[in-house]
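> Build me a structure from this.
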Amino acid sequence: MTNEVELVTIGDELLLGFTVDTNSAFLSQRLAEQGIGVARRTTVGDSRDAIADAVREALHRTGAVITTGGLGPTSDDLTMESVALAFGVALELDRAHLDWMRDRWKQRFERDLPESNRRQAMLPRGARKLMNHHGSAPGAYIADDRERWAVVLPGVPREMRGMTHDALLPLLREKGWGAGECITSLTLRTTGTPESLLQDQLSGVVLSAGSSPLARLSLAYLPGVDGVDLRLTVRGHDSSAAAAALDHAAAAIRAAIAGCIYAEGDDDLARVLLAACRARDWRIAVAESCTGGLLGARLTAIPGSSDVFVGGVIAYDDAVKVRELDVAEAMLREHGAVSEPVVRQMALGARRRFRADAALAITGVAGPGGGTPAKPVGTVWICVAAGERVEARQIHSWGDRQEVRYRAAQAAMDTARRLLA
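Next comes the predicted model:
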């Protein structure tokens, strides 16, 4: 049984930093769910010798390797050739796949298949073709007489993820690989509470596996621009016991910091806020200054948001605040645009203008310039006018301009979420 594999991701763009390697993270998660650990992750450039060496070394260490990338039609796509070299076999033309690509190209583009695409039909001798229903290049599985094996997958994330589900995972099950511990995780998403404060609030919480002696538990704090994600991970040989242990530990965390948690998994705060408004049959609007439409974009990025979100005003110039949101000129002169009185009038003005049930407003200094000793870069006022309640608060954000803007939008939505709760 194979309980560990190595991943080799391929491409100069990965080494140069132009493309972020999301494939390794995705594969590591999916393999862990099958009880297969990742012993090592390696990235190499578009070099035949470098790829072949990386595959050979992985086969020597663990006997199992999965590669992603380098299956395109151009001269820098060398993975099949390199894997064949590592296994000491030649490449052979898969005539059926070449004919399939020709028919597909003819139907899509009404022209003949370019000669360069022929290389995508070349497979290592003795390899098993893995069909790619998401692109033109097939994957491959190849093993030697010592039962060491490699699986070759495309690097395009959409294609790699699709093939993981409909080719790689079925292959793992067919071969009986992955008899190790199952690794299950649950993420509890928080925002607005620093990592250290969360740890203090959870210091008295006993995170046990409940009644299961078969599971081991760990908790990781993962800070990011959205907030701090709490990642619970359970390892155990019994999947049902591991799932029960995960639920037991998550319940203990929720009991301690319920107000800080806005979602589970990878759910977005915008989706959570829209759902809360939808449950009340409320419509919402926004008024934005320093975020320049980011808050509205976050909300409208969620499918189905049109039944909740009405619209908004990007009041970047003070004259727009006066004309569109009824902010008093005297108030702007006395307090400045970045102030509590102004953000309150922005929220009330947006709610009134759009005849909404609730409105969110943001004004601040996003930087890198424009700050003063009294209002340094990162000073942001937000306000939520929801029903009869109007709540304004100041936050002091950090980071570059985009991070300040993103955190401001996140804080405004979290304030609204808490108010509605």
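> When you work out contacts or count neighbours from here on, use the C-alpha atoms and nothing else.
Fine.
> farthest residue from the center of the chain?
Counting by Cα atoms, centre = their mean, the extreme residue of the chain relative to its mean C-alpha position is Ala330, 44.8 Å from that point.
> going on from the helix or strand harbouring that one, what's the next piece of helix or strand?
According to DSSP states H and E, Ala330 maps onto helix 329-335. Using DSSP H and E, the helix or strand that follows helix 329-335 in sequence is helix 340-354.
> What's the mean pLDDT across that next one?
Per-region confidence: helix 340-354 scores 98 on mean pLDDT.
> ok, back up a step: and the helix holding Ala330, what's buried?
Neighbour-count burial for helix 329-335 flags Glu329, Leu332 (criterion: 16 or more other Cα atoms under 10 Å).
> neighbouring contacts of that helix?
If you take Cα atoms under 8 Å, 6 or more residues apart in numbering as the criterion, helix 329-335 is touched by Asp318, Val322, Pro341, Val342.
> Find the residue closest to the first one in space, skipping its chain neighbours.
In this structure, Asp318 finds its nearest non-sequential neighbour in Ala337, 7.1 Å apart by Cα to Cα, 6 or more residues apart in numbering.
> Please apply the same query to the second one.
Ranked by Cα to Cα, 6+ apart and with sequence neighbours excluded, the top spatial neighbour of Val322 is Ala328, at 6.1 Å.
> Quick check: the gap between that neighbour and His335.
11 Å (Cα to Cα, to the nearest Å).
> Next: Leu31.
56 Å.
> Secondary structure element for Ile253, which one?
helix 239-257.
> so what does that helix touch, helix or strand wise?
strand 182-190, helix 195-202, strand 215-224, strand 227-236 (3 or more Cα pairs under 8 Å, 6 or more residues apart in numbering; DSSP states H and E).
> Any stretches of the chain with poor pLDDT?
1-2, 179-181, 208-215, 237 (pLDDT under 70).
> what's the spacing between the most centrally placed residue in it and Leu273?
Compute the mean C-alpha point of the chain, and by Cα atoms, centre = their mean the closest residue is Asp266, 6.9 Å away. Asp266 is 15 Å from Leu273, where distance means Cα to Cα.
> cool, Gly336 as well?
The value you get for Gly336 to Leu273, if Cα to Cα is used, is 30 Å.
> Return the residues in contact with Lys129.
Leu123, Pro138, Gly139, Ala140, Tyr141.
> Pretty sure it sits in a strand.
Yes. Under DSSP: H, G, I helix; E, B strand; the rest coil, Lys129 falls within a strand.
> could you say which helix or strand contains Ala359?
strand 358-364.
> Run me through the strand neighbours of that strand, direction for each.
Paired neighbours of strand 358-364 in the sheet (DSSP bridges): strand 284-288 (parallel), strand 379-386 (antiparallel).
> Using a markdown table, lay out the ones you listed together with distance to His60.
Putting the strands paired with strand 358-364 into a markdown table (distance: least, Cα to Cα, whole Å) gives the following:
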| stretch | distance to His60 |
| --- | --- |
| strand 284-288 | 58 |
| strand 379-386 | 55 |
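> so which of those strands comes closest to Arg254?
When the strands paired with strand 358-364 are compared by Cα to Cα, strand 379-386 sits nearest Arg254, at 25.3 Å.
> how about the closest one: buried residues?
Residues of strand 379-386 classed as buried by neighbour count (16+ other Cα under 10 Å): Thr379, Val380, Trp381, Ile382, Cys383, Val384, Ala385, Ala386.
> And Thr42, its phi and psi?
Here is the backbone geometry of Thr42 (degrees, to the nearest 10): phi -130, psi 140.
> roughly how far apart are the closest residue to it other than its chain neighbours and Ala374?
The shortest distance from Thr42 to any residue other than its chain neighbours is 4.8 Å, reached at Val8 (Cα to Cα, 6+ apart). In this view, Val8 and Ala374 are 52 Å apart by Cα to Cα.
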